[in-house]
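Undergrad: Structure, please.
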Amino acid sequence: MKEQSIDQEINYKNKKAYSLLLKVLTGILYSSIFISFCAFALTIETYKLARLPVSIPMAVFVFLATLFTYNLSSVQSILRRKKPALQPDTTWWQRHKKKLAIVGLVSIALAVAVYFYFDLRLNIWFVLHLAIISIGYTIPIMYRKKSVQPLRRVPLLKVFLIAYVWAVVTALFPLIDADIYVLDLGALQLFLRRFLFILALALLFDIRDYTYDRHTNTLTVPGLIGVRYTKLLSLGLLLLYAVVVSITEGGGIETALLLATAAAALVVIFSSELKPRIYFLLLADGAMLLHAALVYFART
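TA: Next comes the predicted model:
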(Lines give C-alpha, C1' and ligand atoms only; values in the text may rest on other atoms or scores of the structure.)
Protein backbone atom coordinates (compact mmCIF):
# COMPACT_ATOMS: atom_id res chain seq x y z
CA MET A 1 0.00 0.00 0.00
CA LYS A 2 2.80 2.37 0.82
CA GLU A 3 4.51 1.69 -2.53
CA GLN A 4 1.21 2.24 -4.35
CA SER A 5 0.73 5.54 -2.55
CA ILE A 6 4.25 6.61 -3.54
CA ASP A 7 3.58 5.66 -7.19
CA GLN A 8 0.35 7.66 -7.19
CA GLU A 9 2.14 10.68 -5.74
CA ILE A 10 4.88 10.40 -8.38
CA ASN A 11 2.27 10.13 -11.17
CA TYR A 12 0.44 13.14 -9.77
CA LYS A 13 3.63 15.20 -9.68
CA ASN A 14 4.54 14.10 -13.21
CA LYS A 15 1.12 15.06 -14.51
CA LYS A 16 1.33 18.40 -12.71
CA ALA A 17 4.81 19.07 -14.14
CA TYR A 18 3.62 18.09 -17.64
CA SER A 19 0.56 20.34 -17.32
CA LEU A 20 2.75 23.26 -16.22
CA LEU A 21 5.21 22.64 -19.06
CA LEU A 22 2.35 22.53 -21.56
CA LYS A 23 0.93 25.81 -20.25
CA VAL A 24 4.33 27.51 -20.49
CA LEU A 25 4.92 26.20 -24.03
CA THR A 26 1.42 27.25 -25.09
CA GLY A 27 1.94 30.71 -23.60
CA ILE A 28 5.28 31.17 -25.38
CA LEU A 29 3.87 30.08 -28.73
CA TYR A 30 0.47 31.77 -28.64
CA SER A 31 1.67 35.04 -27.12
CA SER A 32 4.09 35.44 -30.07
CA ILE A 33 7.15 35.34 -27.82
CA PHE A 34 8.50 32.42 -29.85
CA ILE A 35 8.09 34.07 -33.26
CA SER A 36 9.57 37.29 -31.84
CA PHE A 37 12.60 35.30 -30.73
CA CYS A 38 12.82 33.95 -34.28
CA ALA A 39 13.03 37.55 -35.51
CA PHE A 40 15.72 38.21 -32.88
CA ALA A 41 17.69 35.18 -34.14
CA LEU A 42 17.39 36.14 -37.82
CA THR A 43 18.70 39.61 -36.96
CA ILE A 44 21.74 38.05 -35.28
CA GLU A 45 22.14 35.84 -38.35
CA THR A 46 22.33 38.88 -40.61
CA TYR A 47 25.28 40.24 -38.66
CA LYS A 48 26.97 36.84 -38.95
CA LEU A 49 26.35 36.59 -42.68
CA ALA A 50 27.63 40.12 -43.27
CA ARG A 51 30.63 39.52 -40.97
CA LEU A 52 29.64 42.48 -38.81
CA PRO A 53 29.88 42.89 -35.01
CA VAL A 54 26.58 41.75 -33.52
CA SER A 55 24.43 44.54 -32.08
CA ILE A 56 22.34 43.04 -29.28
CA PRO A 57 20.36 46.29 -28.85
CA MET A 58 19.25 46.08 -32.49
CA ALA A 59 18.25 42.43 -32.08
CA VAL A 60 16.33 43.28 -28.89
CA PHE A 61 14.61 46.18 -30.69
CA VAL A 62 13.50 43.79 -33.46
CA PHE A 63 12.26 41.29 -30.86
CA LEU A 64 10.20 43.93 -29.05
CA ALA A 65 8.82 45.49 -32.25
CA THR A 66 7.77 42.04 -33.49
CA LEU A 67 6.13 41.21 -30.17
CA PHE A 68 4.15 44.44 -30.31
CA THR A 69 3.07 43.91 -33.92
CA TYR A 70 1.81 40.39 -33.35
CA ASN A 71 -0.19 41.47 -30.28
CA LEU A 72 -1.54 44.62 -31.90
CA SER A 73 -5.00 43.17 -32.48
CA SER A 74 -5.32 42.48 -28.73
CA VAL A 75 -4.21 46.05 -27.96
CA GLN A 76 -6.81 47.39 -30.38
CA SER A 77 -9.54 45.21 -28.92
CA ILE A 78 -8.83 46.32 -25.34
CA LEU A 79 -8.57 50.00 -26.29
CA ARG A 80 -11.94 49.74 -28.03
CA ARG A 81 -13.24 48.00 -24.89
CA LYS A 82 -14.70 45.10 -26.80
CA LYS A 83 -15.64 42.35 -24.37
CA PRO A 84 -17.16 39.41 -26.21
CA ALA A 85 -18.85 36.82 -24.04
CA LEU A 86 -16.61 33.83 -23.40
CA GLN A 87 -17.95 30.59 -24.89
CA PRO A 88 -16.79 27.01 -24.20
CA ASP A 89 -14.89 27.03 -27.53
CA THR A 90 -13.33 30.44 -26.94
CA THR A 91 -9.78 30.55 -28.31
CA TRP A 92 -6.67 30.95 -26.20
CA TRP A 93 -6.19 34.47 -27.61
CA GLN A 94 -9.66 35.57 -26.56
CA ARG A 95 -9.24 34.20 -23.03
CA HIS A 96 -5.91 36.03 -22.59
CA LYS A 97 -6.64 39.15 -24.64
CA LYS A 98 -6.03 41.58 -21.77
CA LYS A 99 -2.68 40.01 -20.90
CA LEU A 100 -1.62 40.04 -24.55
CA ALA A 101 -2.58 43.71 -24.80
CA ILE A 102 -0.37 44.47 -21.79
CA VAL A 103 2.48 42.51 -23.40
CA GLY A 104 1.99 44.52 -26.59
CA LEU A 105 1.97 47.92 -24.87
CA VAL A 106 4.97 47.09 -22.68
CA SER A 107 6.93 45.79 -25.67
CA ILE A 108 6.38 48.92 -27.79
CA ALA A 109 7.32 51.15 -24.85
CA LEU A 110 10.53 49.16 -24.34
CA ALA A 111 11.24 49.19 -28.10
CA VAL A 112 11.05 52.99 -28.14
CA ALA A 113 13.31 53.16 -25.07
CA VAL A 114 15.89 50.84 -26.69
CA TYR A 115 15.75 52.81 -29.94
CA PHE A 116 16.60 56.13 -28.28
CA TYR A 117 18.80 54.91 -25.43
CA PHE A 118 21.15 53.00 -27.71
CA ASP A 119 20.82 55.57 -30.50
CA LEU A 120 20.03 53.02 -33.16
CA ARG A 121 20.89 54.37 -36.58
CA LEU A 122 17.61 53.78 -38.35
CA ASN A 123 15.94 56.43 -40.47
CA ILE A 124 12.72 57.25 -38.66
CA TRP A 125 10.84 57.70 -41.94
CA PHE A 126 12.01 54.30 -43.13
CA VAL A 127 10.76 52.75 -39.88
CA LEU A 128 7.49 54.67 -40.21
CA HIS A 129 6.52 53.10 -43.53
CA LEU A 130 6.91 49.65 -41.96
CA ALA A 131 4.87 50.75 -38.96
CA ILE A 132 2.08 51.91 -41.29
CA ILE A 133 2.10 48.56 -43.09
CA SER A 134 2.14 46.61 -39.80
CA ILE A 135 -0.68 48.63 -38.25
CA GLY A 136 -2.71 48.73 -41.46
CA TYR A 137 -2.28 44.98 -41.78
CA THR A 138 -4.27 44.38 -38.61
CA ILE A 139 -6.38 47.49 -37.96
CA PRO A 140 -8.99 48.89 -40.38
CA ILE A 141 -8.01 52.38 -41.56
CA MET A 142 -10.49 55.25 -41.29
CA TYR A 143 -10.76 57.32 -44.47
CA ARG A 144 -13.37 60.06 -44.79
CA LYS A 145 -15.26 58.60 -41.84
CA LYS A 146 -15.39 55.21 -43.52
CA SER A 147 -13.58 52.10 -42.39
CA VAL A 148 -11.26 50.65 -45.02
CA GLN A 149 -10.55 46.93 -44.67
CA PRO A 150 -7.20 45.96 -43.14
CA LEU A 151 -4.43 45.08 -45.57
CA ARG A 152 -4.59 41.39 -44.69
CA ARG A 153 -8.06 41.32 -46.29
CA VAL A 154 -6.74 42.61 -49.62
CA PRO A 155 -6.77 39.68 -52.09
CA LEU A 156 -3.42 37.83 -52.37
CA LEU A 157 -1.50 40.62 -50.62
CA LYS A 158 -1.07 39.15 -47.13
CA VAL A 159 1.90 36.82 -47.68
CA PHE A 160 3.85 39.40 -49.69
CA LEU A 161 3.45 42.03 -46.98
CA ILE A 162 4.63 39.58 -44.33
CA ALA A 163 7.68 38.55 -46.37
CA TYR A 164 8.54 42.17 -47.19
CA VAL A 165 8.34 43.45 -43.62
CA TRP A 166 10.26 40.49 -42.20
CA ALA A 167 12.97 40.77 -44.87
CA VAL A 168 13.40 44.51 -44.28
CA VAL A 169 13.41 44.27 -40.48
CA THR A 170 15.65 41.22 -40.07
CA ALA A 171 17.94 41.71 -43.08
CA LEU A 172 18.15 45.45 -43.77
CA PHE A 173 17.76 46.97 -40.29
CA PRO A 174 21.07 45.49 -39.06
CA LEU A 175 22.85 46.68 -42.23
CA ILE A 176 21.41 50.18 -41.97
CA ASP A 177 22.44 50.40 -38.32
CA ALA A 178 25.95 49.31 -39.36
CA ASP A 179 25.99 52.18 -41.89
CA ILE A 180 25.96 49.90 -44.91
CA TYR A 181 24.30 51.15 -48.09
CA VAL A 182 21.18 49.01 -48.56
CA LEU A 183 21.31 49.28 -52.36
CA ASP A 184 24.71 47.61 -52.34
CA LEU A 185 24.66 44.33 -54.28
CA GLY A 186 25.46 42.23 -51.20
CA ALA A 187 22.67 43.88 -49.20
CA LEU A 188 20.15 43.37 -51.98
CA GLN A 189 21.15 39.71 -52.32
CA LEU A 190 20.65 39.20 -48.59
CA PHE A 191 17.28 40.94 -48.75
CA LEU A 192 16.18 38.81 -51.71
CA ARG A 193 17.22 35.59 -50.02
CA ARG A 194 15.41 36.46 -46.79
CA PHE A 195 12.32 37.54 -48.74
CA LEU A 196 12.16 34.24 -50.64
CA PHE A 197 12.63 32.14 -47.51
CA ILE A 198 9.99 34.00 -45.49
CA LEU A 199 7.55 34.05 -48.41
CA ALA A 200 7.82 30.27 -48.74
CA LEU A 201 6.97 29.87 -45.04
CA ALA A 202 4.26 32.55 -45.07
CA LEU A 203 2.34 30.55 -47.67
CA LEU A 204 1.96 27.79 -45.07
CA PHE A 205 -0.11 30.10 -42.88
CA ASP A 206 -2.41 30.75 -45.82
CA ILE A 207 -2.79 26.97 -46.03
CA ARG A 208 -3.54 26.84 -42.30
CA ASP A 209 -6.21 29.57 -42.66
CA TYR A 210 -7.63 28.18 -45.90
CA THR A 211 -11.05 27.24 -44.48
CA TYR A 212 -11.37 30.44 -42.42
CA ASP A 213 -10.40 32.66 -45.36
CA ARG A 214 -13.01 30.96 -47.54
CA HIS A 215 -15.68 31.68 -44.93
CA THR A 216 -14.65 35.35 -44.77
CA ASN A 217 -14.40 35.62 -48.58
CA THR A 218 -10.72 36.55 -48.38
CA LEU A 219 -8.90 35.53 -51.54
CA THR A 220 -5.52 34.01 -50.73
CA VAL A 221 -3.05 31.99 -52.77
CA PRO A 222 -4.56 28.61 -51.74
CA GLY A 223 -8.00 29.99 -52.53
CA LEU A 224 -6.77 30.87 -56.02
CA ILE A 225 -4.68 27.84 -56.98
CA GLY A 226 -5.54 25.29 -54.28
CA VAL A 227 -3.60 23.87 -51.34
CA ARG A 228 -1.59 21.37 -53.40
CA TYR A 229 -0.28 23.95 -55.84
CA THR A 230 0.39 26.39 -53.00
CA LYS A 231 2.68 23.78 -51.43
CA LEU A 232 4.39 23.32 -54.81
CA LEU A 233 4.80 27.10 -55.06
CA SER A 234 6.34 27.18 -51.59
CA LEU A 235 8.76 24.38 -52.54
CA GLY A 236 9.57 26.24 -55.74
CA LEU A 237 10.45 29.36 -53.76
CA LEU A 238 12.69 27.30 -51.48
CA LEU A 239 14.38 25.80 -54.56
CA LEU A 240 14.95 29.30 -55.96
CA TYR A 241 16.29 30.35 -52.56
CA ALA A 242 18.71 27.40 -52.60
CA VAL A 243 19.92 28.36 -56.07
CA VAL A 244 20.56 31.96 -54.98
CA VAL A 245 22.38 30.71 -51.87
CA SER A 246 24.58 28.43 -53.98
CA ILE A 247 25.51 31.36 -56.20
CA THR A 248 26.18 33.87 -53.41
CA GLU A 249 27.64 31.73 -50.61
CA GLY A 250 30.20 28.99 -50.16
CA GLY A 251 31.75 26.68 -47.59
CA GLY A 252 30.11 26.12 -44.23
CA ILE A 253 27.59 28.94 -44.62
CA GLU A 254 26.28 27.49 -47.88
CA THR A 255 25.93 24.07 -46.25
CA ALA A 256 24.12 25.56 -43.24
CA LEU A 257 21.66 27.49 -45.40
CA LEU A 258 20.95 24.50 -47.64
CA LEU A 259 20.32 22.28 -44.61
CA ALA A 260 17.89 24.89 -43.27
CA THR A 261 16.19 24.93 -46.68
CA ALA A 262 15.82 21.14 -46.66
CA ALA A 263 14.28 21.26 -43.17
CA ALA A 264 11.83 23.97 -44.28
CA ALA A 265 10.91 21.88 -47.33
CA LEU A 266 9.97 18.96 -45.06
CA VAL A 267 7.70 21.25 -43.05
CA VAL A 268 6.04 22.34 -46.31
CA ILE A 269 5.60 18.77 -47.58
CA PHE A 270 3.84 17.59 -44.42
CA SER A 271 1.68 20.70 -43.97
CA SER A 272 -2.07 20.77 -44.59
CA GLU A 273 -5.08 22.80 -43.53
CA LEU A 274 -5.97 19.93 -41.15
CA LYS A 275 -2.77 20.21 -39.12
CA PRO A 276 -3.17 21.75 -35.63
CA ARG A 277 -2.13 25.36 -35.17
CA ILE A 278 0.81 24.29 -33.04
CA TYR A 279 2.32 22.57 -36.11
CA PHE A 280 2.64 25.93 -37.86
CA LEU A 281 3.57 27.91 -34.76
CA LEU A 282 6.29 25.48 -33.72
CA LEU A 283 7.60 24.02 -36.98
CA ALA A 284 6.95 26.67 -39.64
CA ASP A 285 8.20 29.46 -37.37
CA GLY A 286 10.83 27.13 -35.96
CA ALA A 287 12.31 26.75 -39.45
CA MET A 288 13.47 30.37 -39.12
CA LEU A 289 15.09 29.64 -35.77
CA LEU A 290 16.87 26.58 -37.18
CA HIS A 291 17.98 28.70 -40.14
CA ALA A 292 19.60 31.24 -37.81
CA ALA A 293 21.09 28.62 -35.48
CA LEU A 294 22.83 26.74 -38.29
CA VAL A 295 24.37 29.95 -39.63
CA TYR A 296 25.45 31.00 -36.14
CA PHE A 297 27.30 27.74 -35.51
CA ALA A 298 28.76 27.69 -39.02
CA ARG A 299 30.23 31.17 -38.51
CA THR A 300 31.36 30.65 -34.90
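Undergrad: rest of the way, CA atoms for contacts and neighbours
TA: OK.
Undergrad: Report the secondary structure state of Ala65.
TA: Secondary structure for Ala65, judged by DSSP: H, G, I helix; E, B strand; the rest coil, is helix.
Undergrad: isn't it right up against Leu105?
TA: No: between Ala65 and Leu105 there is no contact under CA atoms under 8 Å: 10.4 Å.
Undergrad: quick one: which of the two has more around it?
TA: Using other CA atoms under 10 Å, the more surrounded residue of Ala65 and Leu105 is Ala65, with 22 against 18.
Undergrad: buried ones in stretch 200-214?
TA: Buried residues in stretch 200-214, defined by neighbour count with 16 or more other CA atoms under 10 Å: Ala200, Leu201, Ala202, Leu203, Leu204, Phe205, Asp206, Ile207, Arg208, Asp209, Tyr210, Asp213.
Undergrad: ok, for Leu201, nearest residue in space, not its chain neighbours?
TA: Closest residue to Leu201 apart from its sequence neighbours, by CA to CA, 6 or more residues apart in numbering: Ala284 at 6.3 Å.
Undergrad: which residues in this structure form strands?
TA: For the chain, strands defined by DSSP state E occupy the ranges 141-143, 146-148.
Undergrad: between these, which gets the lowest average pLDDT?
TA: Sorting those by mean pLDDT places strand 141-143 lowest, at a mean of 54.
Undergrad: Any stretches of the stretch 1-150 of the chain with poor pLDDT?
TA: Residues of the stretch 1-150 of the chain meeting the criterion pLDDT under 70: 1-15, 17-18, 79-90, 140-149.
Undergrad: how about a cut-off of 90?
TA: 1-27, 72-99, 123-150 (pLDDT under 90).
Undergrad: residue boundaries of the helices in it?
TA: Here the stretch 1-150 of the chain has its helices, by DSSP state H, counting those that start in this stretch, at 2-30, 33-49, 56-70, 72-79, 92-95, 97-117, 124-138.
Undergrad: quick one on the thing from earlier: now, among the buried residues of stretch 200-214, which is nearest to Trp93?
TA: Distances from Trp93 to the buried residues of stretch 200-214, taken as CA to CA, are shortest for Asp209 (15.8 Å).
Undergrad: For Phe34, give me its contacts.
TA: Ile28 (CA atoms under 8 Å, 6 or more residues apart in numbering).
Undergrad: State the distance from it to Leu64.
TA: Phe34 sits 12 Å away from Leu64, taking CA to CA, to the nearest Å as the criterion.
Undergrad: coming back round to it: in contact with the residue nearest to Leu201, which residues?
TA: Leu201, Leu204, Ala264, Val267.
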